[in-house]
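A.B. asks: Dropping the sequence and predicted coords here.
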Amino acid sequence: CDGVVFRITDGVLTIEDSKAEMSMDERWSVTYTGGSLWSTGAHAVVVAGQEDSVAGLVLTSGMIQSDADCGVYVKGNQTPGDNSPAYDSSFTMNGGYIHAREFGAAVAGNGATFTINDGYIVTEDNAAVAGNGTDSTSRNDGGTIINIAGGTMVSNIVSDGYISCGIYHPQKGELNVTGGTIVSTNGIGILMRGGTLDMTGGDIISLGTGDGKVGDSNVITSGSGIFIDIRSNYPDGANIDAAVEDGNITSDGDAIKFLDSEGGSDPKDHILVYGGSFSSDVTAFCAPGLKASDDGSGSFTIVDAPEADISFSYEPVNPSDDQDVTVTVTVTGVQEGTEITYVWNGETTTTTETTMTFTVAAGTMEEQVLTVSFTSYGESYSDEWRHTFYGNHTVTVTFPSELGLSDQTFSVRDGEPFDLGLIDTTG
């Protein structure tokens, strides 16, 4: 068929081929025998619920193929604005095989939902699973839900100047990854340009380290497991919120990459890592109190970060009037490269040095104040030290000459009380 094979606007269609057989080799290529729904010029299947209808597709076995566009396109309510009601449009994949030129499974519009529990999706020149970032006065493709619970999704790329992307998520919507395997043969595993990501399981495999475009943005991206792209400035880009709690992310490039807007923002405002296994150090994205630890094989897991400590000391402990005092502060257990702010009697120094010394000039009687503050592994630390140095002080008592008494000199130690009394012995 050169058009859409099935367009579902009401009711649920289940596709099952009891004679279908399929397998996938180590090069992510599928061998399939059995029947198929095949479009040579359009989406193979369109699921489009309406305001007063429920539309769904369930693929249990068999094959859906499109030589020109998407395998399955799920369309929700695309009415612009945030208050449009969700249309009940869904595609659930419990098995079978999708092979498509463009997206294997695409969702667009409020209520559009795709869930994969098993089966294979292979695309030739675009993402295996994708949404659309359009949010304009004429159309809104947000409000989608994508659930990845099983199956294997493989994205390839042939267009010059582009790299592959396993799951492309530029829209306001939910992406939940609890299982399955996402393979990008030359690019990015999951690209977020909008919406939320909650990953609690599954595997992401990103191959290749080259640069290129994904979608209609001119921003150049590069191979990585999860790529957070704020810079492309999609309508929901500033609201990206991703959490990785478990799962395995393997990439020839970075396991996680963050591309900021020109104005700058903290990566942890958009992605936090709580657990999982990674092929590179993801400490920069870890939740407060956590860090990535190399297990010795190049695989990083998430562990508790060390607790930082601030200690103060000074020498000599009991200075004399002619002795300078050296005050030393030492910070231990901090994340490498942490900027530490030292404020010594109102003068501020910010540095990555973890040991600093300050000098109190001999005879200084004023109170000395040193504060230290920094953030390490997402935790904030601050401490203050105060001390007044009195030194060894010489006290001389001079008597009136008519008393016929010699002057008396006394030495007073640092901070020790000194009392002087006179006793009249003349009777």
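C.D. replies: Received, thanks.
A.B. asks: CA atoms for contacts and neighbours, from now on please.
C.D. replies: Noted.
A.B. asks: beta partners of the closest residue to Gly11 other than its chain neighbours?
C.D. replies: Of all residues not flanking Gly11 in the chain, Ala55 sits nearest, at 4.9 Å (Cα to Cα, 6 or more residues apart in numbering). Assessed by DSSP bridges, Ala55 has beta-bridge partners Gly11, Ser89.
A.B. asks: Report the contact partners of Ala55.
C.D. replies: Ile8, Thr9, Asp10, Gly11, Val12, Val47, Ala48, Gly49, Asp88, Ser89, Ser90 (Cα atoms under 8 Å, 6 or more residues apart in numbering).
A.B. asks: Buried subset of the residues you listed, written for ChimeraX?
C.D. replies: Filtering these down to the buried ones (16 or more other Cα atoms under 10 Å) takes a single ChimeraX command:
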select :8,9,10,12,47,48,49,88,89,90
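A.B. asks: Same list (the contacts of Ala55) but as a markdown table, adding pLDDT and distance to Glu124.
C.D. replies: Output for those, formatted as a markdown table (pLDDT from 0 to 100; distance: Cα to Cα, whole Å):
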| residue | pLDDT | distance to Glu124 |
| --- | --- | --- |
| Ile8 | 97 | 25 |
| Thr9 | 96 | 28 |
| Asp10 | 97 | 30 |
| Gly11 | 97 | 30 |
| Val12 | 97 | 28 |
| Val47 | 98 | 22 |
| Ala48 | 97 | 25 |
| Gly49 | 96 | 28 |
| Asp88 | 97 | 29 |
| Ser89 | 98 | 26 |
| Ser90 | 98 | 24 |
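A.B. asks: May I see the contacts of Ala55 arranged in TSV, with distance to Trp28 as well?
C.D. replies: Converted to TSV, the contacts of Ala55 look like this (distance: Cα to Cα, whole Å):
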residue	distance to Trp28
Ile8	31
Thr9	34
Asp10	35
Gly11	34
Val12	31
Val47	28
Ala48	31
Gly49	33
Asp88	33
Ser89	30
Ser90	27
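A.B. asks: Out of the contacts of Ala55, which comes closest to Arg101?
C.D. replies: Val47 (18.4 Å; Cα to Cα).
A.B. asks: Can you tell me the SS state at that closest one?
C.D. replies: Following DSSP: H, G, I helix; E, B strand; the rest coil, the label given to Val47 is strand.
A.B. asks: what do you get for Gly119?
C.D. replies: strand.
A.B. asks: separation between it and Ser279?
C.D. replies: Per Cα to Cα, to the nearest Å, Gly119 is found 26 Å from Ser279.
A.B. asks: ok so, going back, for the residue nearest to Gly11, give its distance to Asn77.
C.D. replies: With Cα to Cα as the criterion, Ala55 and Asn77 are 12 Å apart.
A.B. asks: Next up, the contacts around Ser103.
C.D. replies: You called it Ser, but residue 103 is Phe. Asp69, Cys70, Gly71, Thr123, Asn126, Ala127, Ala128, Val129, Ala130.
A.B. asks: run the last query once more with 6 Å
C.D. replies: For Phe103, the contacting residues are Cys70, Asn126, Ala127, Ala128, Val129, by Cα atoms under 6 Å, 6 or more residues apart in numbering.
A.B. asks: got it, and Ile228?
C.D. replies: Here Ile228 is in contact with Met192, Phe258 (Cα under 6 Å, 6+ apart).
A.B. asks: hmm, 8 Å instead?
C.D. replies: Leu191, Met192, Arg193, Ile240, Ile256, Lys257, Phe258, Leu259, His270, Ile271.
A.B. asks: Show me what the second one is bridged to.
C.D. replies: If I follow you right, that is Met192. Beta-bridge partners, per DSSP bridges, of Met192: His169, Ile228.
A.B. asks: Can you give me the neighbour number for Gln323?
C.D. replies: 17 (other Cα atoms under 10 Å).
A.B. asks: low-confidence ranges in this structure?
C.D. replies: Scanning the chain for pLDDT under 70 picks out the ranges 1-2, 263, 390-394, 410-418, 422-427.
A.B. asks: And the residue nearest the centre of it?
C.D. replies: Ile271 (2.7 Å; Cα atoms, centre = their mean).
A.B. asks: ok, for it, nearest residue in space, not its chain neighbours?
C.D. replies: Ala242 (4.4 Å).
A.B. asks: Remind me what the strand or helix carrying that neighbour packs against, helices and strands.
C.D. replies: Using DSSP states H and E, Ala242 maps to strand 241-251. On a contact count with 3 or more Cα pairs under 8 Å, 6 or more residues apart in numbering; DSSP states H and E, strand 241-251 meets strand 196-206, strand 224-229, strand 271-273, strand 277-278.
A.B. asks: Now do the strands in the stretch 51-200 of the chain.
C.D. replies: 54-59, 63-66, 72-75, 88-100, 105-108, 112-123, 129-130, 144-148, 152-155, 164-169, 173-177, 181-184, 187-192, 196-206 (DSSP state E, counting those that start in this stretch).
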